[in-house]
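Enquirer: what shape does this take:
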Amino acid sequence: MTELYSAPFRGATHVEVLPEENFDEVMVNTVEPLLQRYRNKGFLTIVRGMRLQYEYYLCADPVGAVVICHGFTESAEKYREMTYYFLQAGYSVFAYDQRGHGRSYREFEDTSLTHIGKFQDYVNDLDLFIRKIVRPNAVNQPLYLFAHSMGGAVGGIYLSRFPVTFRRAVLNAPMIALRPSNVPTPLARFLARLACLTGNAKKRVVGFGGFNENESFEHACDSSQARFEYYRQKRLHYRHLRNCAPTYNWLLQSMGVTKFLLNRNNCATVQAPVLLFQAEQDTLVLPKPQEQYIARIPHGELVKVAETKHEVFMAENHVLQPYLDRVLAFFAK
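Expert: Residues are numbered from 1 along each chain as shown. Here you go, the predicted structure:
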């Protein structure tokens, strides 16, 4: 086991975000070496010998532990900057690659393709990760959830089914309901179901290509070009970070979460206070279902973030700094 991290700003509600002017340099020369020094990593076996890759970082005197649940086509590696901020504030951090992502179990050699059998598998994986990795290494520590997009849907379901695990939860642009790009939602659901019924469940959804080495910032989900370019270079270098397309069954299963998440009985079981960040320029998920969800749970708060795309945690500094302050203040309550 690596050494414990002594947080310089334990319990702080403000940690200065990294400068965008030389973001790559600071990440490469300062943040990544520090995280490498304190990183514990391994593989967690799930059903039928399948494995999830995980990593965690332990503080010497933690104020709690943050569990990161990443979004569609992402990985734990995309959250290294946020991991650094949480460590600075005195939180131990636990993250993992969801199945079909990163270095975790995949059904295909094509790393651009993302598939799931049942969406509940994601929720079961999160529960296993908490029971087998988080709890044994964060004994008696309060747990905080930090989840994004698809991970926000996973986290939302988890909060309903396991209401006493997390003390507080942050959901970033959660996938309460997908925003189909070119067709109405009912038609997209019908076409996905039809594809699954005709033996095409594991086929790439029409309209999604393979990994684009020349992906442009203009079409990205990030608002900070410095942060976008830093992670793009990682995707160019590592094949396991190149997810970019869903299968028809992933689409069908993901569209099915809305009914559960907006069910009033399911919402009523959520005990943890939830802070939901809604991105003003989001083109991937719908805003109204997010507002319905946050209004139906007992302790929900909605924050609308202007001037930012889907990935709020990858925004420019004038947005990211108040966002991070809000997250840390919420955890510290």
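
Enquirer: give me the contact list for the helix or strand where Leu34 lies.
Expert: Leu34 is part of helix 32-38, with elements assigned from DSSP states H and E. By Cβ atoms under 8 Å, 6 or more residues apart in numbering, the residues outside helix 32-38 that reach it are Thr2, Glu3, Leu4, Tyr5, Tyr57, Leu58, Arg80, Thr83, Tyr84, Leu87. From N, CA and C alone the C-beta is placed, and that goes for glycine too.

Enquirer: quick check, Thr73 in a helix?
Expert: No: checked against DSSP: H, G, I helix; E, B strand; the rest coil, Thr73 lies outside a helix; its state is coil.

Enquirer: residues in contact with the residue lying closest to it once chain neighbours are set aside?
Expert: Excluding the flanking residues, the one nearest Thr73 by Cβ to Cβ, 6 or more residues apart in numbering is Asn243, at 3.8 Å. Asn243 makes contact with Phe72, Thr73, Glu74, Gly100, His101, Thr111, Ser112, Leu113, Thr114, according to Cβ under 8 Å, 6+ apart.

Enquirer: if we can go back for a sec, mind checking which of the contacts of helix 32-38 are buried?
Expert: Buried members of the contacts of helix 32-38, counted by 16 or more other Cβ atoms under 10 Å: Tyr5, Tyr57, Leu58, Arg80, Thr83, Tyr84, Leu87.

Enquirer: need the max-distance pair from those.
Expert: Largest separation among these by Cβ to Cβ: Leu58 and Arg80, giving 16.1 Å.

Enquirer: what strand or helix carries His318?
Expert: helix 317-332.

Enquirer: buried set for that helix?
Expert: Across helix 317-332, burial judged by 16+ other Cβ under 10 Å covers Asn317, Val319, Leu320, Tyr323, Leu324, Arg326, Val327, Leu328, Phe330, Phe331, Ala332.

Enquirer: helices or strands up against that helix?
Expert: strand 168-172, strand 274-279, strand 300-305 (3 or more Cβ pairs under 8 Å, 6 or more residues apart in numbering; DSSP states H and E).

Enquirer: relative to strand 274-279, how tilted is it?
Expert: Angle of helix 317-332 versus strand 274-279, following axes from the mean of the first three to the mean of the last three Cα atoms, to 10 degrees, is 170 degrees.

Enquirer: the residue nearest to Pro298 when sequence neighbours are not counted and Thr165, how far apart?
Expert: Spatial nearest neighbour of Pro298, chain neighbours left out: Val270 (6.4 Å); criterion: Cβ to Cβ, 6+ apart. Distance, Val270 to Thr165, by Cβ to Cβ, to the nearest Å: 11 Å.
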